[in-house]
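Peer 1: Quick one: sequence and predicted model below, then my questions.
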Amino acid sequence: MYVYSTRDLLHLLLTSYKRTMQKTITYTLCLTCLWSLLSLAAIAQTRVSGRITNESKREPLAGISIAVRGKVVGTITDQKGQFSLSVNTPPPFTLAITGVGFQTQEIVINGNRTDLDIALKEQVMLGQEVVVSASRVEENVLKSPVSIEKMDIRSIQSTAAPSFYDALRNLKGVEVSQQSVNFSSVNTRGFTSNGNNRLVQLVDGMDNQAPGLNFPVGNVAGISELDLESVELLPGAASALYGPNAINGLLLMTSKSPFTYQGLSAQARGGVMSATNRTTIDGTPQVNTPFYDVAFRYAKAFKNRLAFKVNANYVTAKDWQATDYRDQSFYNGYNPSTGTAQNNPGYNGVNVYGDENSSGVSLASFRPIFAQLLGVPASQLSVIDPSGRLAQLIGGVQQVSAQTGIPASQIVNDVLLPNTVVSRTGYPERGLVDYNTHSLKLNGAVHYRFNDKLEGILQANWGSGTTVYTSTDRYYINNFQLAQYKAELRGSDFFVRAYSTQERSGDAYAAGLLGSFILEAWKPSINQSNLLGSWYPQYAFTYAGGALQAFPRALQQALAANPGNVAAAYQSAVASINTLAPTLQAAALGVADAGKPAVGSAQFNQYADAIKQQPIAQGAKFLDRTNLYHAEGMYHLRSLVDPNLVDLTVGANYRMYALNSGGTLFLQKPEGGEYTIHEYGAYLQAIKSFKDVLKITGSVRYDKNQNFRGVFSPRISAVLTAAKDHNFRASYQTGFRIPTTQNQYINLNTPVALLIGGLPAVRDRYNLRDGRTTIFGTSTSYDFPEFKPERVLTFEVGYKGLIANRLLIDAYYYNSQMQNYIGAVVLSNPGVPVPIQTPRNYDKSIMYQGFGLGIDYVLPKNFTIGGNLSNTTLNAGGVGLFDSKKNQNVLDDGFQIGFNTPKYRYNLSVANRNIGNSGWGFNVTWRYQDAFLWQELLQPVQSRTLANSQQIVIPAFSTLDAQVSKKIAPIKSILKVGGSNILRNQYTTGWGNPTIGAMYYVSLTFDELLN
């Protein structure tokens, strides 16, 4: 009898699940469409029409949305403020009248109405926004059960930041790591990284991550600002509703419906980027450079039944440059504050590539070779080196040994080859990366309303760009492409969607590997068949020759000062030679580097062009054509269970990653090809309200990845409305992160280490469980414990209230516990010539906490002032919630993590969108964040110890953004002049990241329906 293994059973379950889901979706679509077509003919229509004006001026308002509450039917007003709508839903029903900058009105319709005359009141809205991300149902932001931040269209239009994505950093508790002018990673509540895979970014319900990287590439392939309706940020754990990886937060971006936002809109923005560290390849200053950003959008609806939209957005600029030349080697007693390329022979510049020495090669590494050469006859030495220099060197050592009686090997060790780490002379990043950056986003969608309750959507998002990303290397992402294709059916109480995300890495390559391979192509570091033609032997022999030439004279002088005491004289002579070390090192470097190709030279370009085309591990190019396939559905059970009794929501999803890197990034199967990864999950949520005073929400979710055990994620929250517009909230939230595709299957050689995934299939490929694998730098064996998903458990309390319709207060405190934190361990194995880095779980809980406070106040004449403060504190190293100590990246027991988070962040702003109804507006925002410690895989292993990690500091900085705008009604446009970091306080957001300067811009935005 055949016995099924766990893998067989899992495969059968997944296959059955997929087939069942496919059949269910197919049957659902067919039945729904049939029902819809039949219902069209059976239901009588109610006709509603009228005119909408501005209450203060009685002017017609164009583009105002008129929608039936709880249905998918709606329309907008034309240029004369008029609208007409046919509704199949039997009356009575409620119309919701909404427009940007106006107070929402609701009108109950009991029958045909063709005479509606509606006047909308302009309003500075505080606390009136509707959000959906917190509970997957519409609710007032004041009554959200968890912390939430929102940017609506007006916030986006009035921000002083160059783009809405840049403006995210002004939200309470948000941390942004910027690696390029068009690539930033958003994070909240600690554990910041340059490629953040702990925060999920959704664009119209689609996970915007690059499947092979497992994080969004900023907004390179995201959403155009002209097509953006709103941004909601949910800080903290959100896995209970949104599934894996949303343990630090959720960023939900929603585009404009072509039914609601019709017509033509366009935007042109141009300006100057300014940073004093920028130069051309040859060193010519390039402080000020132009940038351009153009976009257009067109949408059209036909009889409120069919609608489409198209978008395009193109950005081009000279990128920020990474020019941090501090020494991160921690070799030879130097650190980032003291080491330079001139005084440290083991120098490893942060943004210099090819100078990495992860194996710690030193002059002492060549002692065994010299020991062998000491026993080789002079005649054979002449064969090895016809120039005779080698024979002269060995003979000189033997002569000194004979004169002093000191063993030749000791002279070699003490004088010729001291224990000094040496690195090659690398190339700065600006010589390896093209800083001409650009991005192109194209988007199109077709919407069809089958009836009042059902809408179908076909959508395609495509983006391409060039940017730079910081991780284990600085990766030049050249002609990167990300495409997303979605089909969706949605109604008033459900949705079913399926989409695919397809990543194409283009001509991407690793700058660090490029620098290393150029040096190796020119002159190998060590070539066993031609030692004297290799860089390190040339350096070592030159240093040794210079030391030997100076040593006899130093020894004679020492003997004259210490007659008869050879040992003392010898030590004195050795000390004398050590003082000459800088001179000897410079001479050795000059010989070894003679003929090194200069950046931009024909020889350099020849090497670089060839290496960029060679995939890893023979070159620097990495290939990634990984695809993601996802299907999900959600249903509000309002038709089955009275929502007044309990409001129930259920949902489920299935996801598959199809890895495809051509062996450059991921492990290949023994039979060829790369692995696929399957995941599925389901959730249930229940909401119970008690007389609009108390709302309790509970949910539970189960997720399963084929490579890991299943995970349950519960959440419970309560909102107490103590008085109108005064709400207290408390919640217990859980989240989890499935190890990324790279955590699981990466197989990548970098200048720092060999990176391998945490699954048995990867480590077994290198036979690492042979009993010889130890933790790097120790003799401690490593036994490869079970690899698990991360989990976060969070308790949170908060208050959000509106006082006198003018003062909005939002405050929270949270206390979190992370379990199974996925860090990294560096290993050694005799069968692998370089350090091995693999992910591993921390077997203890990591405790962290924080608080936030946001205050917004409306002054007379609609001037607004606001500010927010956020604190994030890791409970390690004696750091307290309110003290001034920096968060640590090494825990009390020595375990290394990447918390990478400033303790305090502040934002202050003052604004007025329309001063005295003149059309003039302005916004000024000041931002500050603390200095903090950073730990990243880009850093060498020795920089991550407790002592050395205190040197890896990202300095504190503050910025000032400002803009002035003018609405030009006759041409339906808004002119804006502004700048980001206008005082040009240059800063960086992470180790190895570029220096960010100022951006000054002028923009003109046209909207056909602008009021």
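Peer 2: That came through, no problem. Numbers count the residues shown, from 1 in each chain.
Peer 1: is residue 1003 in a bridge, and if so with what?
Peer 2: Beta-bridge partners recorded for residue 1003 (DSSP bridges): residue 269, residue 976.
Peer 1: Distance of it relative to residue 182?
Peer 2: With distances taken as CB to CB, to the nearest Å, residue 1003 is found 17 Å from residue 182. (Each C-beta comes from the backbone N, C-alpha and C, glycine too.)
Peer 1: swap in residue 690?
Peer 2: 48 Å.
Peer 1: Looking at the two, which one has more neighbours?
Peer 2: residue 182 (25 against 10; other CB atoms under 10 Å).
Peer 1: remind me which residues of this structure are low pLDDT?
Peer 2: 1-44, 124-138, 751 (pLDDT under 70).
Peer 1: okay, now the domains of it?
Peer 2: Domain assignment for the chain, taken from automatic domain parsing, gives 1-42, 46-120, 364-413+524-595.
Peer 1: if we compare those domains, which one ends up closest to residue 912?
Peer 2: Set against residue 912 and scored by CB to CB, those come closest in domain 46-120, at 12.7 Å.
Peer 1: so who does residue 510 touch?
Peer 2: Shown in contact with residue 510 (CB atoms under 8 Å, 6 or more residues apart in numbering): 473-476, 616, 620, 622, 750.
Peer 1: quick one: contacts for the residue lying closest to it once chain neighbours are set aside?
Peer 2: Nearest residue to residue 510 in three dimensions, chain neighbours excluded: residue 473, at 4.2 Å (CB to CB, 6 or more residues apart in numbering). Taking CB under 8 Å, 6+ apart as the criterion, residue 473 is in contact with 353, 510-513, 750-752, 938.
Peer 1: now do residue 954
Peer 2: Counting by CB under 8 Å, 6+ apart, the residues that residue 954 touches are 902, 931-934, 988-991.
Peer 1: Also residue 849?
Peer 2: 813-816, 873, 875, 881.
Peer 1: What's opposite it in the beta bridge?
Peer 2: Under the criterion used (DSSP bridges), residue 849 bridges to residue 815, residue 873.
Peer 1: could you pull out the strands for the stretch 1-150 of the chain?
Peer 2: 46-54, 65-68, 74-76, 82-87, 93-98, 105-109, 113-120, 130-131, 139-140, 149-151 (DSSP state E, counting those that start in this stretch).
Peer 1: As CSV, those with mean neighbour count and distance to residue 256 would be great.
Peer 2: What follows is the strands of the stretch 1-150 of the chain, written out as CSV (neighbours: other CB atoms under 10 Å; distance: least, CB to CB, whole Å):
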stretch, mean neighbour count, distance to residue 256
strand 46-54, 19, 19
strand 65-68, 22, 10
strand 74-76, 23, 11
strand 82-87, 18, 18
strand 93-98, 18, 13
strand 105-109, 14, 21
strand 113-120, 14, 19
strand 130-131, 18, 16
strand 139-140, 17, 21
strand 149-151, 21, 14
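Peer 1: Settle this for me: residue 217 is touching residue 466, isn't it.
Peer 2: No - the criterion here is CB atoms under 8 Å, and residue 217 misses it with residue 466 at 11.0 Å.
Peer 1: where do the contact lists of the two overlap?
Peer 2: What both residue 217 and residue 466 touch, as defined by CB under 8 Å, 6+ apart, is the set 477, 480.
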